[in-house]
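J.: Got a predicted model here, sequence first, then my questions.
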Amino acid sequence: MRYILTSIGLLLALLCANAQSQLSIEITGGGANQIPIGVLHFVGEEALAQRISDIVEADLQRSGRFRMLFAGNVGTLPTELAQVNFDDWKSRSADALVIGSVVRLADGRYEARFRLLDVPKQTQIGGVAFTLTAQQVRATAHRIADVVYEKLTGDRGVFSTRIAYVVKQGSRYELQIADADGAGAQTALASREPIISPAWSPDGSRLAYVSFENKKPVVYVHSLVSGQRQAVANFKGSNSAPAWSTDGKQLAVVLSKDGGSQIYLIGADGSNPRRITNSGAIDTEPFFAPDGQSIYFTSDRGGSPQIYRMNTSGGEATRVTFEGSYNVSPRVSGDGKSLIYIARESARFQLKSLDLASKQVQVLTDGQHDESPSFAPNGKLILYATQVGNRGSLAAVSSDGRVKQRLSVQAADVREPAWGPFFNN
């Protein structure tokens with residue numbers, strides 16, 4: 001099976017120059033029931049600027065779902081099933097093995113082949129060939145890691161996805177976009193004024209965000225393909241908290257143009273604003289449910305900030321959170337089963353998860369100032385902002401709270417994370 005790799009980097013072609021600072025990731029907690037796996041160096045990958053196998057191994061290790069085995073002392077590197085010494089790998093307690101090769105083609109591109117092997121059964125359970133350029137090494141490696149992850153866990157991998165976040169250095173704010181592993185950061189927007197609330201369109205081609213560049217909050221939609229952007233909510237008063245509908249045709253935004261902060265639906269081009277909440281309270285932080293028919297939001301209509309749900313056509317809102325007196329920033333998993341949010345307890349702001357069926361609540365983090373949670377598109381990891389040493393930093397935690405990571409930029413304040421969607425290439 002052969003895929004011609006479509007460069008994810010094309011969507012970033014018209015962004016600004018590479019950011020000077022890259023996110024670094026530190027794994028601070030591991031998962032349970034990890035799959036023991038070996039990733040061998042690919043034959044011929046020395047011709048590339050970076051080894052594909054190293055990136056694949058780092059992706060799998062960072063997920064917390066795998067226990068990486070020492071892949072040295074194997075003699076001649078295998079590229080075919082028949083060349084593998086399965087007795088050796090059984091003695092290393094391996095359940096799976098990744099082998100591969102890289103060959104330069106006549107047109108200057110490369111072909112990267114890999115095989116995923118079941119060690120106990122001595123069979124191949126996956127394998128793909130990619131055609132790539134020298135600039136597509138990381139994208140190819142992430143695609144390979146995605147295949148391995150899905151074959152062995154049953155869940156779709158997110159290594160090929162991207163994240164957005166805001167970096168503040170001195171008086172400069174930058175909206176940056178990077179690979180899920182923090183590499184390849186690009187600056188989409190730089191400003192002397194704050195940038196907040198980035199939100200990805202469902203197809204990953206656009207970002208909505210709030211910019212204060214005109215000395216007031218205005219909602220913009222920014223095309224990552226053309227580099228063009230449009231102010232879609234610039235009404236009197238405050239314009240904030242954009243959230244995309246599941247079909248990408250509408251945005252939910254919070255406007256104060258009619259007095260008080262209320263939730264409106266507008267076209268993705270800013271057309272036809274329609275108010276859907278009509279309370280005397282502050283209604284904010286909308287988020288579309290996966291079915292596209294309802295919206296979760298934060299409101300203090302009951303006397304303290306809590307999370308509610310209502311139909312996109314309007315009507316009565318139903319309260320969702322009841323534990324504690326401060327629950328904000330709702331985000332729903334792609335399968336609609338879990339709600340994550342920020343809760344305040346004893347002056348600590350922590351990330352919690354609510355099972356919407358059983359109503360059971362789990363505390364996922366142990367920080368002091370957590371904020372802005374965002375689900376990975378497979379629902380298995382959650383990206384959020386926290387504070388370390390009086391400086392904003394990003395962190396990630398698995399949906400069960402076991403796998404923990406910290407993402408930081410040296411000497412910079414990093415906040416407002418948003419995890420992008422799957423690519424359909």
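T.: Received it, and whenever you're ready, just let me know what you need.

J.: name the helices or strands packed onto the longest helix that the chain contains?
T.: The longest helix of the chain (DSSP state H) is helix 137-153. Counting contacts by 3 or more CB pairs under 8 Å, 6 or more residues apart in numbering; DSSP states H and E, helix 137-153 packs against strand 35-39, helix 52-63, strand 96-104, strand 110-118, strand 123-132. Backbone N, C-alpha and C define where each C-beta goes, glycine included.

J.: at 7 Å instead, please
T.: Applying 3 or more CB pairs under 7 Å, 6 or more residues apart in numbering; DSSP states H and E, we find helix 137-153 packed against helix 52-63, strand 110-118, strand 123-132.

J.: Buried residues of that helix, list them for me.
T.: 137-149, 152 (16 or more other CB atoms under 10 Å).

J.: and the angle from it to strand 123-132?
T.: Here helix 137-153 points in a direction 160 degrees away from that of strand 123-132 (axes from the mean of the first three to the mean of the last three CA atoms, to 10 degrees).

J.: Next, the angle strand 35-39 makes with helix 137-153.
T.: Using the same axes, to 10 degrees: helix 137-153 against strand 35-39 is 150 degrees.

J.: what pairs with whichever helix or strand comes after helix 137-153, and is each one parallel or antiparallel?
T.: Note on helix 137-153: by DSSP states H and E, the next helix or strand toward the C-terminus is strand 162-169. The strands that strand 162-169 pairs with in its sheet are strand 172-179 (antiparallel), strand 413-419 (antiparallel) (by DSSP bridges).

J.: neighbours around residue 361, how many?
T.: Number of residues near residue 361 (other CB atoms under 10 Å) recorded here: 17.

J.: repeat for residue 25
T.: Neighbours of residue 25 (other CB under 10 Å): 19.

J.: Mind putting the helices and strands packed on helix 137-153 into TSV with mean pLDDT?
T.: Shown next, in TSV, are the helices and strands packed on helix 137-153 (pLDDT from 0 to 100):
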stretch	mean pLDDT
helix 52-63	95
strand 110-118	98
strand 123-132	97
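
J.: Output those as TSV; include the columns distance to residue 266 and mean neighbour count.
T.: Below are the helices and strands packed on helix 137-153 laid out as TSV (distance: least, CB to CB, whole Å; neighbours: other CB atoms under 10 Å):
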stretch	distance to residue 266	mean neighbour count
helix 52-63	37	22
strand 110-118	44	21
strand 123-132	40	17
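
J.: Which of these sits closest to residue 329?
T.: helix 52-63 (24.5 Å; CB to CB).

J.: What pairs with the helix or strand just after the closest one, parallel or antiparallel?
T.: Next in sequence after helix 52-63, counting helices and strands by DSSP H and E, comes strand 66-68. With DSSP bridges as the test, strand 66-68 is paired with strand 35-39 (parallel).

J.: Distance from the chain centre to the strand it pairs with, please.
T.: 24 Å (CA atoms, centre = their mean, to the nearest Å).

J.: relative to strand 110-118, how tilted is it?
T.: Angle, strand 35-39 to strand 110-118, by the same axes, to 10 degrees: 150 degrees.

J.: report the angle between the axes of strand 35-39 and strand 96-104?
T.: Using the same axes, to 10 degrees: strand 35-39 against strand 96-104 is 20 degrees.

J.: hey, C-alpha coordinates of strand 35-39 in CSV?
T.: Presented in CSV, the C-alpha positions along strand 35-39 are these (Å, rounded to 0.1, in the frame of the first residue of the first chain):
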residue,chain,number,x,y,z
ILE,A,35,3.0,-2.0,25.6
PRO,A,36,6.6,-3.1,25.3
ILE,A,37,7.9,-2.1,21.9
GLY,A,38,11.2,-1.8,20.0
VAL,A,39,11.8,0.7,17.2
